[in-house]
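Trainee: A structural model of the following input is requested.
(one chain, ligands or ions: 1)
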Amino acid sequence: MTKRRAIYAGSFDPLTNGHVDILERGADLFDELILAVANNRNKKPTFSAAERVALSKASLEHLKNVSVCSFEGLLIDFAREQGVKVLLRGLRAVSDFEYEFQLATMNRNLAKAEVETMFLMTGETHFYLSSRLVREVASWGGDISSMVPKPVFEALVAKFEDKYKV
Ligand code: ADP
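Mentor: You can find the predicted model right below:
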């Protein structure tokens, strides 16, 4: 039987518990799930692509069928290279819908309908979580311990060390 494989792509700058929730649920639905960290040279991320890959790997050791890598360029080209036909995305709120709908339609067009996007609704305890807000709270020394996996928490505290000093 052919394996059901999917890609969960994003910036993951950094990985939050909202992403982990989507990954844990996705790992149950697919035989193999690839977390693909986008390496966009036009953006200035808080963590480099290599750091985001390392932090995601360290945070997802419990998910044996999830692998982590980075990619550059069009997601659809990466999906083709990997021979994957499903893109997994998470939806937090109505506000996510418009962008995600556009992106899914664009990708479907680019891939000539060979690739489909599938959505999982956010877990009810994670709907308010975004990498951007977590970064912002951390940059002011706020308590983010319940929002991100332990390796990410430690990396954020190290990054904004001066704010976490008491
Ligand atoms: P991007 O930089 O492309 O917005 P992200 O790394 O923030 O990507 O997120 C990747 C995917 O995870 C997107 O589909 C996004 O909607 C989803 N996502 C992000 N945070 C959450 C959350 N708290 N709950 C569910 N899905 C989420």
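Trainee: what's the burial count for Glu114?
Mentor: Neighbour count of Glu114, defined by other CB atoms under 10 Å: 11. All C-beta spots, glycine's among them, are computed from the backbone N, C-alpha and C.
Trainee: quick check: it is in a strand.
Mentor: No - Glu114 is assigned coil when assessed by DSSP: H, G, I helix; E, B strand; the rest coil, not a strand.
Trainee: which non-adjacent residue is nearest it?
Mentor: Lys85 (6.4 Å; CB to CB, 6 or more residues apart in numbering).
Trainee: contacts only, for that neighbour.
Mentor: Arg5, Ala79, Glu114, Val115, Glu116 (CB atoms under 8 Å, 6 or more residues apart in numbering).
Trainee: those: which two are farthest apart?
Mentor: Spanning the widest gap among these are Arg5 and Glu114, at 13.7 Å by CB to CB.
Trainee: tell me the secondary structure for the nearest residue to Thr16 once chain neighbours are set aside?
Mentor: Among residues not flanking Thr16 along the chain, Leu129 sits closest, at 4.8 Å (CB to CB, 6+ apart). Secondary structure state of Leu129, per three-state DSSP, is coil.
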